[in-house]
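> curious how this folds, go ahead:
(2 chains)
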Amino acid sequence: MDAYFYIILVVGLLSSIICVVAGLLKKAPNDTTILSVAAVELALLVYLGGSIVRVASGERIAGESWEFWGYLATALILPIGAVYWSILERTRWSNFVLAAVGVTALVMAARMNQIWY
Amino acid sequence: MEEAENVSANSPHDGTGNPAAPASRTPGPADAGSADTAPAETAAPGTGATETAPATTDTRNTGPGRLLIAVYAVFAISATARAGYQILTKFSEAPLAYMLSAFAAAVYVVATVSLAKPGRTAFKVSVAAVLVELVGVLVVGALSVFDSVNFPHETVWSLFGRGYGFIPLLLPILGLIWLYRRRPARRDH
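The predicted structure is shown next:
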């Protein structure tokens, strides 16, 4: 597990906790929860940028490279989709949808690390 | 993709549940259970409140239902991607397991779409899909425990979905509870 994973671990868990708490407090999606999901997206973009630099500088991905990029691309789409969805229906349940993003990104980052090394 | 489903399905409470459905259809969907024994049970949402009946039919894709759909969508995407990858790259290694993977992916896709769509038909389809999912995770889970040679832990449902935090086992149970609570009101005729 590398630094990218731990960044996503921390950001993803924080985001999920924030969103679950907001949902339990019966709040609709607000700036806090949406920005926390945006932070997950940002962490994934850092992972993307870092991975491009590493591949460009000659590092090899141990597993299937297209599987790695597939996971990363899917993970990047998830926060956008969840935020879009939470805007469509502004109830507290959308905060739980947002909460799923952080955990999912965390799992996908773990898998991406496995593929890379 | 799930967003697209919901744009069309997201104008709730406007009576898309087709209250004027032909009353001549075959009576009583099986899921309504003990239909003729319990007129009292349906008295509250019954004849007096005909407007609420279609509304309850169409609230499956709002509130907690959206969370359910979102989780199903994630599983549909990941199971499809995984099954596609397995079949394209190493199908000959374990054809049975990878066919099961593809089948599981198809079940998740059907469940996601039918949960997101309003209406009675979609309700029946989603009940069927979620039941198939429950049977699948139980059967494949049991087989992967007792016959691990033929089921080398390669599907979403292996070991009762342990590789996915047992969510595949939990999901159909929550799905059935949700569908039961939001089942369409019986037609009176």
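
> state the number of residues packed around residue 102.
Picking chain A for this. By other C-beta atoms under 10 Å in any protein chain shown, 30 other residues sit near A:Gly102. (Glycine included, C-beta is placed from N, CA and C.)

> could you do chain B instead?
With other C-beta under 10 Å as criterion, B:Ala102 counts 18.

> what sits against the one residue sitting closest to the centre of chain A?
Among the residues of chain A, the one closest to the centroid is A:Ala105, at 3.6 Å (C-alpha atoms, centre = their mean). Contact analysis of A:Ala105 by C-beta atoms under 8 Å, 6 or more residues apart in numbering or on different chains lists A:8, A:12, A:40, A:43-44, A:75, A:78-79.

> of these, which ones also sit close to chain B?
A:Leu78 (C-beta under 8 Å from any C-beta of the partner chain).

> just the buried ones from the contacts of A:Ala105?
A:8, A:12, A:40, A:43-44, A:75, A:78-79 (16 or more other C-beta atoms under 10 Å in any protein chain shown).

> restricted to helices, list those residues.
A:8, A:12, A:40, A:43-44, A:75, A:78-79 (DSSP state H).

> tell me the one of the residues you listed nearest chain B?
A:Leu78 (7.5 Å; C-beta to the nearest C-beta).

> ok, the residue nearest to the closest one when sequence neighbours are not counted - contacts?
Of all residues not flanking A:Leu78 in the chain, A:Val101 sits nearest, at 5.5 Å (C-beta to C-beta, 6 or more residues apart in numbering or on different chains). If a contact means C-beta under 8 Å, 6+ apart, then A:Val101 has A:12, A:15-16, A:19, A:37, A:40, A:78-79, A:82 as its contacts.

> A:Tyr4 against A:Gly50, yeah?
Yes - using C-beta atoms under 8 Å, A:Tyr4 is in contact with A:Gly50, at 5.9 Å.

> mind listing what the nearest residue to A:Met108 once chain neighbours are set aside touches?
In this structure, A:Met108 finds its nearest non-sequential neighbour in A:Ala75, 4.5 Å apart by C-beta to C-beta, 6+ apart. By C-beta under 8 Å, 6+ apart, the contact set of A:Ala75 is A:44, A:104-105, A:108-109, A:112.

> how about a cut-off of 6 Å?
By C-beta atoms under 6 Å, 6 or more residues apart in numbering or on different chains, the residues touching A:Ala75 are A:44, A:105, A:108.

> tabulate these (TSV), appending pLDDT and distance to B:Gly161.
Below are the contacts of A:Ala75 laid out as TSV (pLDDT from 0 to 100; distance: C-beta to C-beta, whole Å):
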residue	pLDDT	distance to B:Gly161
A:Leu44	90	25
A:Ala105	89	20
A:Met108	87	17
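
> which strand or helix spans A:Glu59?
Here A:Glu59 sits in a region with no helix or strand, counting by DSSP states H and E.

> ok, how many other residues are close to it?
Neighbours of A:Glu59 (other C-beta under 10 Å): 11.
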